[in-house]
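**Q** Here is a sequence together with a model predicted from it:
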Amino acid sequence: MITFESTLDAVSQLSIDQQEMLIDILRKRNAEVRRREILEECHEGLTEYRAGVLKSQSAEEAIAELRSYLDTEDCVKC
């Protein structure tokens, strides 16, 4: 099994140019993964909207609902 530490050790043995290429590749891959996640979330939201699980709201309604949520004890991250 490859560990994080062994990976860092292997990367440190690369030249600076190779390390920079690796960083660039990882950033692009991470961006692509995030794009896929966002797309999946959009598809899920659209499916829920079409099924009537979600309703459309005005900006004012959405802000009021968000404020109400933030004022509750359910908002643990606040």
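**A** All right, it came through fine.

**Q** C-alpha only now, for contacts and for neighbours.
**A** Will do.

**Q** and residue 12, backbone torsions?
**A** phi -70, psi -20 (degrees, to the nearest 10).

**Q** What is the burial count for it?
**A** 12 (other C-alpha atoms under 10 Å).

**Q** Equivalent analysis for residue 59, please.
**A** Neighbour number of residue 59 under other C-alpha under 10 Å is 9.

**Q** Let me know the pLDDT of residue 9.
**A** Per-residue pLDDT puts residue 9 at 97.

**Q** which SS state does it fall under?
**A** helix (DSSP: H, G, I helix; E, B strand; the rest coil).

**Q** and it, how far is that from residue 62?
**A** As defined by C-alpha to C-alpha, to the nearest Å, residue 9 lies at a distance of 48 Å from residue 62.

**Q** Helices of the chain, start to end?
**A** 4-12, 16-50, 59-70 (DSSP state H).

**Q** which residues of this structure score low on pLDDT?
**A** 73-78 (pLDDT under 70).

**Q** let's see 90
**A** Filtered on pLDDT under 90, the chain yields the residue ranges 1, 54-55, 69-78.

**Q** In space, not sequence, find me the middle residue of it.
**A** residue 34 (5.5 Å; C-alpha atoms, centre = their mean).

**Q** So it versus residue 66, what's the distance?
**A** As defined by C-alpha to C-alpha, residue 34 lies at a distance of 25 Å from residue 66.

**Q** Likewise for residue 26?
**A** 35 Å.

**Q** and what of residue 60?
**A** Using C-alpha to C-alpha, residue 60 is found at 10 Å from residue 66.

**Q** swap in residue 14?
**A** Taking C-alpha to C-alpha, one finds residue 14 at 48 Å from residue 66.

**Q** repeat for residue 23
**A** 37 Å.

**Q** can you check residue 32 too?
**A** Counting by C-alpha to C-alpha - residue 32 and residue 66 are separated by 30 Å.

**Q** just how off-centre is stretch 8-22 within its chain?
**A** Its chain's C-alpha centre and that of stretch 8-22 lie 26 Å apart, by C-alpha atoms, centre = their mean, to the nearest Å.
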